[in-house]
Each structure stands twice: as structure tokens, then as C-alpha cells.
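**Q** Sequence and computational prediction follow.
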Amino acid sequence: MTPTAEPTQAPLLGEPLSVELMNTVWADRGHVHDALSTDGEALAWLRAVGPRLTAIAPDVATWLTTDRPVDLTTTAADLRRLRDALRRLAADATHDPRPAAASALRDRDAARAVLNQAAAAAPPWPALDWSPDGEPESTLHVAHPAGAGITALLATEFIDLLTGEQRSQLRACLAPGCVLYFAKDHNRREWCSPGCGNRARAARHYQRRKSAQA
């Protein structure tokens, strides 16, 4: 059975791909949603970020555009498991205080094991391309079927993020009702999106008025 072709419901904010994966858990009007809960939803998200994936590893393009990619059910489950592991580790890295944002995976050692297993399951590798008229170039390749390779790419990116200079830029969005993460890309950025910034300012204004009236 071919999965639904509906667009993903996950917010796409231009964050690093591993952070975009974490943000497939999102909230709306007080309800937390999972944008990877079915095979079709997982495929919709992968296709939404597909141009960014294929820019890194061109091999994944054919897999993403197939009506029902090989091992899609396994890939969807692996993505959910990796996503929960990333959110657990990100919560520690950002000292995330938000109960609604808590990962389904509560143990940090278990989360670390899931991340490392995903990175090692189908690691991508560089290959040299050198056409007669061009310059030598490195192209990243993944094993077939490409689903496990995509999961490994996302896991590897998060390891680089968490252990590199960007670690201090990873943030939990503390706007009211938000459960998203973001990478702080300029000094004045406090929220994952302008919408969350507006809600946070409105909440602060309300609290100031309430305190003044009291």
C-alpha cells in the first residue's frame, strides 16, 4: 500500500537537519503532535527535507521519489527512535525545563546507545569524482536501500553538533506552549520563530499588567 502524499505537518524552520528531526514533535493549542506517527508521515517529512538530503548525499534521491521506498516501515521506526534519543540528549544539553517537551526515551544512556547505533548502522562514505574536464570532487554515498543511510546521516550530524562549536548554540524554545529546539544563529535570537517571540512578549506583557493590578 502506497503511503499518503500529504505534506508534512512538522514545522520546518531551516535548522540543522537533526534539529528539524527533533522538531517533528510539535505543539499546537496545548496539544503535542507527532509528525512521524505513520509511514506516510515519515515519508512526507523526508521528502520535505529531501532537497537538503540529496545536496549532501545524491544517492538518496531515487529512494525518496519511489512510490513506496524499500524498508520504509523500518526507516520510519528508526527515525522515531532516533528523534526521541536526540530530544532526550538535547534536553540535557540545553537544561530544558519544559515537561511537555520531555522525550519518550527517558534514560540518557539508552538515548546515547540509540544515537551511536544509528550512526554506525549504515555509515555514509566519501568517494572521489574526477571528470576529464573537471576538478577532483568528493561525493558522499550511502548504502542501498538508502533509508538507513539517511538515519545515519542525521545521527552523525547531531553528534557533530553536540560535540562541536555549535553545542552552545543549541536551545530549547521557552515560549509558552512550545516544545521545539533551535540553533541560535545570531546573538539576539531567543525563540525558534517570530510567532513564538510574539507569544512570549504577549505573555510577559500580561504578567506585568497582572502584577501591576495586584
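**A** That came in fine, so what should we check first?
**Q** Secondary structure class of Cys196, three-state.
**A** The local conformation at Cys196, judged by DSSP: H, G, I helix; E, B strand; the rest coil, is helix.
**Q** what's the spacing between the nearest residue to it once chain neighbours are set aside and Asp160?
**A** Distance criterion CB to CB, 6 or more residues apart in numbering; nearest residue to Cys196, sequence neighbours excluded, is Ala175 at 3.5 Å. Using the backbone N, CA and C atoms, a C-beta is placed for each residue, glycine as well. When distance is defined by CB to CB, to the nearest Å, Ala175 is 27 Å away from Asp160.
**Q** pLDDT wise, what is the residue nearest to Ala57 when sequence neighbours are not counted at?
**A** Once flanking residues are discounted, Ala57 sits nearest to Leu140: 4.4 Å by CB to CB, 6+ apart. Looking at Leu140, its pLDDT is 94.
**Q** What's opposite Leu140 in the beta bridge?
**A** With DSSP bridges as the criterion, Leu140 is bridged to Pro126.
**Q** That one - how many residues pack around it?
**A** Each residue near Leu140 was counted by other CB atoms under 10 Å, and the total is 16.
**Q** so it makes contact with Val60?
**A** No - in this structure, Leu140 is not within contact of Val60 by CB atoms under 8 Å, at 9.7 Å.
**Q** So which bits of the lengthiest helix in the chain are buried?
**A** Longest helix in the chain, counting residues (DSSP state H): helix 72-94. By neighbour count on 16 or more other CB atoms under 10 Å, the buried set for helix 72-94 is 72, 75-76, 78-91, 93-94.
**Q** then the helix or strand that that helix is followed by to CSV, C-alphas only?
**A** Next helix or strand after helix 72-94 toward the C-terminus (DSSP states H and E): helix 108-121. The C-alpha coordinates for helix 108-121 follow below in CSV (Å, rounded to 0.1, in the frame of the first residue of the first chain):
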residue,chain,number,x,y,z
ARG,A,108,20.3,9.2,28.7
ASP,A,109,22.5,6.1,28.3
ALA,A,110,19.7,4.4,26.3
ALA,A,111,19.4,7.6,24.2
ARG,A,112,23.2,7.6,23.6
ALA,A,113,23.1,4.0,22.6
VAL,A,114,20.3,4.6,20.1
LEU,A,115,22.3,7.5,18.6
ASN,A,116,25.5,5.6,18.3
GLN,A,117,23.8,2.5,16.8
ALA,A,118,22.0,4.7,14.2
ALA,A,119,25.3,6.4,13.2
ALA,A,120,27.1,3.0,12.8
ALA,A,121,24.2,1.1,11.1
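**Q** So which residues make contact with helix 108-121?
**A** With contacts defined as CB atoms under 8 Å, 6 or more residues apart in numbering, helix 108-121 is touched by 78, 81-82, 84-86, 88-89, 92, 103, 105, 148, 151-152, 154-156, 158-159.
**Q** Appreciated, that's everything.
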